[in-house]
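**Q** Fold the following for me, if possible:
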Amino acid sequence: MTIITLDLEGEVHGMTANAFASVSLDPPLLLVCVDHSARTHAHLHAKKRFGVNILAEDQRVISQYYARPERTHEHAEEEAGARFERTAKGTPILHGALAYLECRLQTSQEAGDHTIFIAEVEDVVVRKGEPLLFFRGEYRKIGENVSD
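**A** Residues are numbered from 1 along each chain as shown. Modelled structure (predicted):
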């Protein structure tokens, strides 16, 4: 699972995104798909800079918090334990994330009720640990058997 984060006038905005993928290695590009109704959608167009925080297995509550459409960003720390620091360019980084990618928007493409945002990866930080996985409507662990 990933949390997309951006700074808007000094406030952290974020959303859980599971439609995230690598596009290119040279240059390093990724994509993230965002529903038009998501609050973060308009901010991505306006800001053009965002972070992708790949969640560690112990960050389920943060994933659930940012997946709620009615969430308010000012309660992220008290309700979910989400704490942030900033990169030199001001992009929020989630404490404890397994990996962090700082991105600059290159282009976007409308696709049904979503927009596909394609961005260049400018910086990457990777830590040791296991990722938080979401598959078939449930949180999972690596190596866990899933019955059909």
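
**Q** Now do the helices in this structure.
**A** 39-47, 60-67, 76-80 (DSSP state H).

**Q** what is the mean pLDDT for the first one?
**A** In this model, helix 39-47 carries a mean pLDDT of 85.

**Q** Pretty sure residue 9 is one of the things residue 47 touches, is it not?
**A** No. The criterion here is Cβ atoms under 8 Å, and residue 47 misses it with residue 9 at 9.9 Å. Where C-beta positions appear, they are placed from N, C-alpha and C, glycine not excepted.

**Q** Tell me which of the two has more neighbours.
**A** Shown here are residue 47 and residue 9; by other Cβ atoms under 10 Å, residue 47 has more neighbours (17 against 6).

**Q** any idea how far residue 136 is from the more buried one?
**A** Remark: distance between residue 47 and residue 136 (Cβ to Cβ, to the nearest Å) = 33 Å.

**Q** Listing request: residues of the protein with sub-threshold pLDDT.
**A** 70-72, 144-148 (pLDDT under 70).

**Q** quick check, distance from stretch 61-81 to the centre of its chain.
**A** Relative to its parent chain, stretch 61-81 has a centroid offset of 13 Å by Cα atoms, centre = their mean, to the nearest Å.
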